[in-house]
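S.K.: Any chance you could fold what I've pasted below:
(one chain, ligands or ions: 1)
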Amino acid sequence: MTGQPAPLISLDPSNLKPESTALFLDFDGTLADIAEHPDAVSVPAVTCDILRRLERSTQGALAIVTGRPIDHIDRFLAPLYLPVAGVHGLERRTARGTRSAVAIDEKGFGALKRKLKAFADANPGLLFETKRGSIALHYRQRPELADAAAAAVHAALDGHSGLHILSGKMVIEIKAGEATKADAIAAFMKELPFRGRRPLFAGDDVTDEDAFREVARSEGISIKIGSGTTAASFRSEGTDAFRAWLARLADCFDSQLLTEQGL
Ligand SMILES: [Mg+2]
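M.R.: Reported below is the predicted structural model:
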């Protein structure tokens, strides 16, 4: 980390060009406000419209990079159908619509699931979630159980190899495989329409820090949403402020294209 990030307001969208910018956006806590239950989130219709305009002005160089499965994102953003990296890079859908998934070894997941489900069942308010290659315990409704949930996860994981613990906002997750959000962004950047552009990634959680460092390597722009130590170069105070900035970016990109077309 090198010092404090600059306020996002100081990043003037008119300095960015739609034809040379590649947008990578986290979902929860970045585009969508965090809700009591992961299924209860929603994206404002106006934000979906902004994403649609950004997708069009960048000629498709806009991807969602999230811890959720790809199908969740499609459901929340419908009818938008964007390139997505899901489950922290374990699965990916390219701009051409090709879907791929990192090979993972879920051996031992059955026993882990049983142990952690039993822990969640014994502690009402905890939410137990399974995805391909991942098991998550959400404690947003029982924040006082953060330490107990972490202890349960570490105890359950004892003796298992090839699995990683990700601690996010009000969630602790066990993930198989080595893939990260940073890997997913690197993979997108090798493909059209992202290739050769300057990456911009925005995210809110500690699990986004790898991706902030990844875009820094390509002289990209990184934006942290909310408080907390970060390697990002800019900070937005919250989702509202970030969505407002995205709206300015969409306006800027649209007007640059109109100017180019002589309209
Ligand atoms: Mg997030």
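
S.K.: how close does the residue nearest to Thr58 when sequence neighbours are not counted get to Phe253?
M.R.: On the basis of C-beta to C-beta, 6 or more residues apart in numbering, the spatially nearest residue to Thr58 that is not a chain neighbour turns out to be Pro18, at 5.1 Å. C-beta: built from backbone N, CA, C; applies to glycine. Distance of Pro18 to Phe253, given as C-beta to C-beta, to the nearest Å: 4 Å.

S.K.: Spell out which residues are contacts of both of the two.
M.R.: Shared contacts of Pro18 and Phe253, defined by C-beta atoms under 8 Å, 6 or more residues apart in numbering, comprise Ser57, Thr58.

S.K.: Close to the ion: what parts of this structure are there?
M.R.: With C-beta under 5 Å from the ion as the criterion, the chain comes near the ion at residues Asp26, Asp28, Gly29, Asp204, Asp205.

S.K.: Could you identify the buried members of these?
M.R.: Using 16 or more other C-beta atoms under 10 Å as the burial test, those include Asp26, Asp28, Gly29, Asp204, Asp205 as buried.

S.K.: Do you know the pLDDT at the closest residue to the first one other than its chain neighbours?
M.R.: The spatially closest residue to Asp26, leaving aside those adjacent along the chain, is Gly203, at 3.6 Å (C-beta to C-beta, 6+ apart). With respect to pLDDT, Gly203 scores 98.

S.K.: what are the ranges of the helices in the chain?
M.R.: Secondary structure of the chain (DSSP state H): helices at 45-57, 70-77, 109-121, 146-157, 181-188, 209-217, 239-260.

S.K.: Return the most buried member of those helices.
M.R.: Neighbour counts (mean count of other C-beta atoms under 10 Å) averaged over each of those peak at helix 181-188, with a mean of 22.

S.K.: Just list what that helix packs against, helices and strands only.
M.R.: Helices and strands touching helix 181-188, by 3 or more C-beta pairs under 8 Å, 6 or more residues apart in numbering; DSSP states H and E, are strand 21-25, strand 62-65, strand 84-86, strand 91-93, strand 198-203, helix 209-217.

S.K.: returning to that earlier point: any idea of the pLDDT on the residue nearest to Thr58?
M.R.: 97.

S.K.: Quick check: phi and psi on it?
M.R.: The phi/psi pair for Pro18 (degrees, to the nearest 10) reads phi -60, psi -30.

S.K.: Tell me how far it lies from the ion.
M.R.: 25 Å (C-beta to the ion, to the nearest Å).

S.K.: before we move on, what about Ala150?
M.R.: 19 Å.

S.K.: Equivalent analysis for Pro143, please.
M.R.: Per C-beta to the ion, Pro143 is found 17 Å from the ion.

S.K.: Ok, Leu54 next?
M.R.: To the ion, Leu54 is 18 Å away according to C-beta to the ion.

S.K.: Please work out which residues outside stretch 98-118 touch it.
M.R.: By C-beta under 8 Å, 6+ apart, the residues outside stretch 98-118 that reach it are 70, 89-94, 128, 130, 132-133, 135, 137, 152-153, 155-157, 160, 162-163, 174, 176-179.

S.K.: can I have it written out in CSV, keeping just the CAs?
M.R.: Output of stretch 98-118 as CSV, limited to C-alpha atoms (Å, rounded to 0.1, in the frame of the first residue of the first chain):
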residue,chain,number,x,y,z
THR,A,98,-18.1,-18.4,-23.7
ARG,A,99,-18.3,-19.9,-20.2
SER,A,100,-15.4,-21.5,-18.4
ALA,A,101,-14.7,-22.8,-14.9
VAL,A,102,-11.5,-23.4,-13.2
ALA,A,103,-11.1,-27.1,-12.4
ILE,A,104,-11.4,-27.6,-8.7
ASP,A,105,-11.2,-30.5,-6.3
GLU,A,106,-14.2,-30.6,-4.1
LYS,A,107,-13.0,-33.6,-2.3
GLY,A,108,-13.7,-33.2,1.4
PHE,A,109,-16.3,-30.5,0.7
GLY,A,110,-19.1,-32.9,1.8
ALA,A,111,-17.7,-33.3,5.3
LEU,A,112,-17.0,-29.5,5.5
LYS,A,113,-20.5,-28.7,4.4
ARG,A,114,-22.0,-30.9,7.1
LYS,A,115,-19.9,-29.4,9.8
LEU,A,116,-20.6,-25.8,8.9
LYS,A,117,-24.3,-26.4,8.2
ALA,A,118,-24.5,-27.9,11.7
